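Engineer: based on what follows, work out the 3D shape:
(2 chains)
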Protein chains: 2
Amino acid sequence: MTTQIRIGIAGYGNLGRGVEAALAQNPDMTLVGVYTRRAPEDVATLSPETPVFPYEELSSNNGEIDVLILCGGSKSDLPVQSPELAARFNIVDSFDTHARIPEHFAAVDAPAREAGTTALISSGWDPGMFSINRIVGEALLPAGDTYTFWGRGLSQGHSDAVRRVPGVAAGVQYTVPSETAIAAVRSGDRPELPTRDKHVRECFVVLEEGADPDTVREAIVTMPDYFEPYNTTVTFITAEELARDHRAMPHGGFVIRSGETGEGNSQVVEYSLTLGSNPEFTASVLVAYARAVHRLSASGQVGAHTVFDVAPGLLSPKSPEQLRKDDL
Amino acid sequence: MTTQIRIGIAGYGNLGRGVEAALAQNPDMTLVGVYTRRAPEDVATLSPETPVFPYEELSSNNGEIDVLILCGGSKSDLPVQSPELAARFNIVDSFDTHARIPEHFAAVDAPAREAGTTALISSGWDPGMFSINRIVGEALLPAGDTYTFWGRGLSQGHSDAVRRVPGVAAGVQYTVPSETAIAAVRSGDRPELPTRDKHVRECFVVLEEGADPDTVREAIVTMPDYFEPYNTTVTFITAEELARDHRAMPHGGFVIRSGETGEGNSQVVEYSLTLGSNPEFTASVLVAYARAVHRLSASGQVGAHTVFDVAPGLLSPKSPEQLRKDDL
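Structural biologist: Modelled structure (predicted):
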């Protein structure tokens, strides 16, 4: 790669910070700047050299950004920003509301095709790397069952959803795999496990002054897609307890495909992640997919894509020749 | 998929048998027949309905085969057959001599481009799924180390190599990961491990009558690429012992990428296989890639490809729309 891939970051929370950190590990990429809805002077980037611009500068494309990485939330940022920005830029987002992905894909695909840009939606590790391992596991072992377990870890998407509930000042959500469910899968029995039985969702919430705990709890546990299908617990804590006990953002989980071939030969494929920082790992995935988007765009493949449409070689900084020589 | 993908099998050993079994699990594919250098009447297929044809019938393409899956060995079959057959058919092979892959790619690419066919070389699990996990792990975590461990398991490619040594009547080779090396990696220390220290290669060999054990042993342990870089043991056994103790073909292993993001957050990605039957799993991989080759061919992407060039969605029988709806 002789020319650097020029990246913009739209939105600067934990994920945006993770993207800034990941770009520093990828010498074929360069960071044009962070675009924020906050006052730029209020945004403290990891590197003091990182330029910070008002979000409005993204209302036109001055040709300085090859790929824009969107770091907003799935609940209300990305449904608006991804279609808008795909009309002007090549983009990567991490939209993770599983049930709404077809809708989001269509909303991004139309403006991207019209503008001739390339968009990659729903990147990250789930959706993302876990999704790939689910479909590949099923393609390799058609006679079998797939199991996904998450955690124990702090979920950004679900914490974001909690924090948007009226009356919530702050909060976090941990996804915890059920020990009995894991034991059943690892036994090789291929059990049937309803979603509700595989994980527990634990919310730790700081209330706004005067908010009613019962109303908040009810709004959380009945939220469709996010919490309704699970056993969800809500624990109210103080702002001090939140700051003291809930700063680390570990996560992880595993996808297991357990199948059979021939006359009853057992075959097990497992993909597992043990993440010290969930947002930093998600950011690292977005950055690798930004490289792929740049290449897809260069080869004229416009419109919306998902991780299912991206050949693994496009993620690597190496050339196809080098990959064949070094890595097969 | 409304039209069946019509598959031919070239070569019918353990791998060809595995492909026959895998095709029975994939309702979007149909088996045209097995093509063999042996007398067709001597080949006992898994299903008595499977047609068996002489290999010479592949000297022309009568339009009945969409993708031909080559099931010969990497040492002497595939270097000849893959370029020859790619001049007439879309092909998938499992060429697994790592050091010679660029040469094999070039030898297949030229006739495929000239004929307008699509070829996928070096599919399987290593090279194959493990290769993908190595390059993706490195792309996601540029600051880190990658470790591949194999076994304990019977290696087809290396057993094949043992059996081609003059004086060897029959034999098998087991790849065994070094316990101390695994422990060092799992500790998170990211140790430097020379190839020789990670695995032991154990060969069990039945000699031809009159063959000299020392000559055979020396020919095996000094074989470049296959055995020379490893600590290799050769144990001579009887044909009866081989049949009694070495019939199962388990294998497996794992690829670990251990890296860091941000300010020292540890991130670990692990892909692991526990295979009851190595040839049946390899065959299942070849069959899924045959589906991808059929689609690449339909979209005009001719020439040689590797697993690095194939988007994961192409492996699945589902449509892109269905995958986005069900699996992201």
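
Engineer: what secondary structure does residue A:224 sit in?
Structural biologist: coil (DSSP: H, G, I helix; E, B strand; the rest coil).

Engineer: quick check: phi and psi at it.
Structural biologist: As for residue A:224, its main-chain torsions (degrees, to the nearest 10) stand at phi -60, psi 160.

Engineer: show the pLDDT at it.
Structural biologist: If you check residue A:224, the pLDDT there is 93.

Engineer: then residue A:186?
Structural biologist: The model reports residue A:186 with a pLDDT of 67.

Engineer: could you do residue A:2 as well?
Structural biologist: Listed pLDDT for residue A:2 reads 56.

Engineer: again with the one 5 residues further on
Structural biologist: Here, the pLDDT recorded for residue A:7 equals 98.

Engineer: check the spacing between it and residue A:74 real quick.
Structural biologist: Distance, residue A:7 to residue A:74, by Cβ to Cβ, to the nearest Å: 21 Å. C-beta coordinates here come from the backbone N, C-alpha and C atoms, glycine included.

Engineer: the two: who's more crowded?
Structural biologist: Neighbour totals were compared for residue A:7 and residue A:74, and residue A:7 leads with 26 against 23 (other Cβ atoms under 10 Å in any protein chain shown).

Engineer: which parts of the helix or strand hosting the more buried one are buried?
Structural biologist: Residue A:7 is part of strand A:5-10, with elements assigned from DSSP states H and E. Of all the residues in strand A:5-10, those buried under the rule 16 or more other Cβ atoms under 10 Å in any protein chain shown are A:5, A:6, A:7, A:8, A:9, A:10.

Engineer: what is the neighbour count of residue A:205?
Structural biologist: 24.

Engineer: ok, residue A:28 next?
Structural biologist: Residues lying near residue A:28 (other Cβ under 10 Å) number 14.

Engineer: the one 4 residues further on too?
Structural biologist: By other Cβ under 10 Å, the residues close to residue A:32 number 18.

Engineer: still on that earlier bit, and of the buried residues of strand A:5-10, the nearest to chain B?
Structural biologist: Lowest distance from chain B to those (Cβ to the nearest Cβ) belongs to residue A:5, with 13.1 Å.

Engineer: now the closest one: how far from residue A:306?
Structural biologist: To residue A:306, residue A:5 is 20 Å away according to Cβ to Cβ.

Engineer: quickly find the element holding the closest residue to residue A:325 other than its chain neighbours.
Structural biologist: Once flanking residues are discounted, residue A:325 sits nearest to residue B:102: 5.2 Å by Cβ to Cβ, 6 or more residues apart in numbering or on different chains. Using DSSP H and E, residue B:102 sits within helix B:101-115.

Engineer: hang on, the earlier thing: ok, and what's touching the strand holding residue A:7?
Structural biologist: A:16, A:19-20, A:23, A:28-35, A:55, A:58, A:64-72, A:81, A:85, A:89, A:287, A:290-291, A:294 (Cβ atoms under 8 Å, 6 or more residues apart in numbering or on different chains).

Engineer: now do the following helix or strand past that strand against strand A:5-10, angle only.
Structural biologist: Note on strand A:5-10: by DSSP H and E, the next helix or strand toward the C-terminus is helix A:14-23. Helix A:14-23 and strand A:5-10 meet at an angle of 160 degrees, taking axes from the mean of the first three to the mean of the last three Cα atoms, to 10 degrees as the criterion.

Engineer: check whether helix A:14-23 contacts chain B.
Structural biologist: Yes. Helix A:14-23 lies within reach of chain B by Cβ under 8 Å from any Cβ of the partner chain, at A:18, A:21, A:22.

Engineer: give the other helices and strands that that helix contacts.
Structural biologist: In terms of contacts (3 or more Cβ pairs under 8 Å, 6 or more residues apart in numbering or on different chains; DSSP states H and E), helix A:14-23 is packed against strand A:5-10, strand A:29-36, helix A:278-298, strand B:251-261.

Engineer: can you say which of these is nearest to residue A:181?
Structural biologist: Relative to residue A:181, the nearest member of the helices and strands packed on helix A:14-23 by Cβ to Cβ is helix A:278-298, separated by 21.4 Å.

Engineer: give the contact list for the residue nearest to residue A:269 when sequence neighbours are not counted.
Structural biologist: Spatial nearest neighbour of residue A:269, excluding adjacent residues (Cβ to Cβ, 6+ apart): residue A:257 at 4.5 Å. Shown in contact with residue A:257 (Cβ under 8 Å, 6+ apart): A:133, A:134, A:137, A:138, A:140, A:141, A:144, A:145, A:146, A:268, A:269, A:270.

Engineer: of all those residues, which comes closest to residue A:243?
Structural biologist: residue A:133 (35.4 Å).

Engineer: write the PyMOL selection for whichever of the contacts of strand A:5-10 are buried.
Structural biologist: Buried residues within the contacts of strand A:5-10, by 16+ other Cβ under 10 Å, are selected in PyMOL with:
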select buried, chain A and resi 16+19+20+23+29+31+32+33+34+35+55+58+65+66+67+68+69+70+71+72+81+85+89+287+290+291+294
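
Engineer: on that earlier part again, now render the residues of helix A:14-23 next to chain B as TSV, adding neighbour count.
Structural biologist: Rendered in TSV, the data for the residues of helix A:14-23 next to chain B read as follows (neighbours: other Cβ atoms under 10 Å in any protein chain shown):
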residue	neighbour count
A:18	28
A:21	21
A:22	29
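
Engineer: residue A:278 against residue A:157, yeah?
Structural biologist: No. Taking contacts as Cβ atoms under 8 Å, residue A:278 lies outside contact range of residue A:157: 10.1 Å.

Engineer: so the most centrally placed residue in chain A versus residue A:101, what's the distance?
Structural biologist: The C-alpha lying nearest the average C-alpha coordinate of chain A belongs to residue A:124 (Cα atoms, centre = their mean; 3.6 Å). Remark: distance between residue A:124 and residue A:101 (Cβ to Cβ) = 12 Å.

Engineer: tell me the contacts of the residue nearest to residue A:325?
Structural biologist: Taking Cβ under 8 Å, 6+ apart, one finds A:321, A:324, A:325 in contact with residue B:102.

Engineer: which one of these is nearest to residue B:96?
Structural biologist: When the contacts of residue B:102 are ranked by distance to residue B:96 (Cβ to Cβ), residue A:324 comes first, at 13.3 Å.
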